[in-house]
Each structure stands twice: as structure tokens, then as C-alpha cells.
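Visitor: here is my input; please provide its structure:
(one chain, ligands or ions: 1)
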Amino acid sequence: MEKERSPKADVLEIFSSVQGEGPFVGIKQIFIKFAACNVTCKFCDLERNLPPKEFSIEKLLSVVKQICVNSGDHHSMSLTGGEPLLYKNFLKDFLPRIKKEHKDLKVYLETNSTLVHSLKEIIDFVDIIAMDFKLPTSTGTKDYWKEHKEFLSVARKKNCFVKVVITNETRESDIKKAVNVICGIDKDLLLVLQPVWPVRNIERAKTSLLFDYLFLAERRLNNVRIMPQMHKVLRVR
Ligand code: SF4
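Guide: Numbers count the residues shown, from 1 in each chain. Coordinates of the predicted model:
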């Protein structure tokens, strides 16, 4: 009988640092940066020139263990990228092992919120979900409102929040649509307005625009914050 091939994942980097986005800013995490993504945001800062390395489950477990030996306890392990849910077959085997071997390490999923079927397959092993809503006027991509709505309806059973990136191109209509989706599920959910970090030809978002969108979102949501990417302010990974 042919032996079943164990799943592997393409990973760009694994490191210890602090979370720089959203309500968990400053907490110590182990970051696993998966290589592939199914979206192409124009402000993406993924280091696409780094060659990914292929990891087996055993190899990744051993790197995580070594990071814990070298850098001590961590609050959580951030699955980021790229889009981690593209590696759901790998995660289905990897996450139960992490939960068994590192009982106090929470699993924090950073996702572009487009792959709800994959989320359903691993959600039992995830503690915190940092969801991006991809605003087409920010990202320059097609819209994903249907996908985001379905995703949030599943993700809400965990500790989750929504983040949108604001650029000078972001239109009010997209903020209204994001607020509508969140309101339809739970108006107490946190919405983070994150000013884009200037990259290539994309400029810093105007402060006045951030406040306009804060006031707009606050009319219908109970928990809206403007939060920049603190890891970039601190110049850490
Ligand atoms: S979803 Fe994230 S990783 Fe993918 S292109 Fe957009 S910013 Fe980059």
C-alpha cells in the first residue's frame, strides 16, 4: 500500500517578537510566517524575496521548542503570512501537536478572512482570530464582502476582532460596508482602523481621514479604535 505523504508547509520565517497590531499589541509571540497568499493587496509588505523553506510537522515543532528554550515563555503563537489557512492540511495535524506539547501557548490566527471552509476545519485549535477585511479601495483587489460575512459568522465563536487598513484611497462606502457586516453579527466586536505603513508609492494615511472614519464607524459600532502598526514604530519584526 502506498504510504500517505505527511503534509508540509512553505514558511518564510519563524521568530520570537511582540505583536504589533490590534488589541494584543506588546504581547510576546512566536511568529510563523507562511509563504503563500491568495490575495494581492497593493500595500503588502511580505518579504517575497526571501526564499521559503519547506517544513515538516516534526521540524516545525522542533524549531518552536528551541525558540521556547532560547526566549522563554510566550503568550501565543501567531500563524501569519501570507495566508495561513492555505496550509489547512498541515495545520490540522500541527495544531493538535502544539496544543499537546505547549499547553499554555495560545494559538493566534492572522487571516485575510476569505477561506471560511478551511477555518471550519481548524477552528477548534485556535484561540484568537485577527481578521482582516479587505477593503477594495484600500487593497486594489476585488471585494470579498460575502466571504468576510461568512467568515465572521464562524470566527465569532472565538475571541476575534476585525482590522481594516486605511490608505488615502480608502472610500467611505467601503467603511460603511465593513460596518454593516460587523453590525449584522455583533456591534460590540472590535473594529481596528489601521493606517497603512508607507511602502513603495503608497503614502501615509491622512490623520483627518482616520478620524472621519472613526466617527463614521462609531455611529453604529460600540468598539472602534485607530491603531498603527507598533512593531514598525519599534522597528522590530
Ligand atoms: S492578504 Fe496579507 S499577505 Fe496577502 S497580499 Fe494582502 S497583505 Fe499581503
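Visitor: residues in contact with the host helix or strand of residue 33?
Guide: Under the criterion of DSSP states H and E, residue 33 resides in strand 28-34. Contacts to strand 28-34, defined as C-beta atoms under 8 Å, 6 or more residues apart in numbering, come from residues 9-19, 46, 60, 64, 67-68, 71, 73-84, 86-87, 105, 108, 237. In this view, the C-beta of every residue, glycine as well, is placed from N, C-alpha and C.
Visitor: stretch 107-120 now?
Guide: Contacts of stretch 107-120 (C-beta under 8 Å, 6+ apart): 19, 21, 24, 29, 37-39, 76-81, 83-86, 88, 95, 98-99, 125-134, 144, 147-148, 150-152, 154-155, 162.
Visitor: quick one: it to chain centroid distance?
Guide: With C-alpha atoms, centre = their mean, to the nearest Å as the basis, stretch 107-120 stands 8 Å off its chain's centre.
Visitor: anything in it sitting right up against the ligand?
Guide: Yes - judged by C-beta under 6 Å from any ligand atom, stretch 107-120 and the ligand are in contact via residue 112.
Visitor: CA atoms only: put that stretch into PDB for me.
Guide: Taking C-alpha atoms only, stretch 107-120 is exported to PDB below (Å, rounded to 0.1, in the frame of the first residue of the first chain):
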ATOM      1  CA  VAL A 107      -2.900  29.900  19.000                       C
ATOM      2  CA  TYR A 108      -3.500  33.300  17.300                       C
ATOM      3  CA  LEU A 109      -4.600  33.200  13.700                       C
ATOM      4  CA  GLU A 110      -4.000  36.300  11.500                       C
ATOM      5  CA  THR A 111      -6.000  35.800   8.300                       C
ATOM      6  CA  ASN A 112      -7.400  37.700   5.300                       C
ATOM      7  CA  SER A 113     -10.800  36.100   6.200                       C
ATOM      8  CA  THR A 114     -11.600  34.700   2.700                       C
ATOM      9  CA  LEU A 115     -11.300  30.900   3.300                       C
ATOM     10  CA  VAL A 116     -14.200  30.000   5.600                       C
ATOM     11  CA  HIS A 117     -14.200  26.300   4.800                       C
ATOM     12  CA  SER A 118     -10.500  26.000   5.900                       C
ATOM     13  CA  LEU A 119     -11.300  27.900   9.100                       C
ATOM     14  CA  LYS A 120     -14.000  25.500  10.000                       C
END
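Visitor: ok, and which of the contacts of stretch 107-120 reach the ligand?
Guide: Among the contacts of stretch 107-120, the ligand is touched by 37, 39, 81, 83 when using C-beta under 6 Å from any ligand atom.
Visitor: give the contact list for the first one.
Guide: Contacts of residue 37 were listed using C-beta under 8 Å, 6+ apart, and they are 44, 46, 81-83, 86, 112.
Visitor: at 10 Å instead, please
Guide: Residue 37 makes contact with 44, 46, 48, 81-84, 86, 112, 114 under the criterion C-beta atoms under 10 Å, 6 or more residues apart in numbering.
Visitor: and the least confident of those?
Guide: The member of those with the lowest pLDDT is residue 48, at 71.
Visitor: is that one in a helix, a strand, or coil?
Guide: Recorded secondary structure, residue 48: coil (DSSP: H, G, I helix; E, B strand; the rest coil).
Visitor: that one: neighbour count?
Guide: By other C-beta atoms under 10 Å, the residues close to residue 48 number 12.
Visitor: just checking, it touches residue 81?
Guide: No - contact criterion C-beta atoms under 10 Å: residue 48 and residue 81 do not qualify, at 11.3 Å.
Visitor: mind checking which helix or strand of the chain has the lowest mean pLDDT?
Guide: Lowest by mean pLDDT, DSSP states H and E among the helices and strands of the chain is helix 230-233, with a mean of 88.
Visitor: so which residues on the chain come close to the ligand?
Guide: Neighbours of the ligand within the chain, by C-beta under 6 Å from any ligand atom: 37, 39-41, 44, 46, 81-83, 112.
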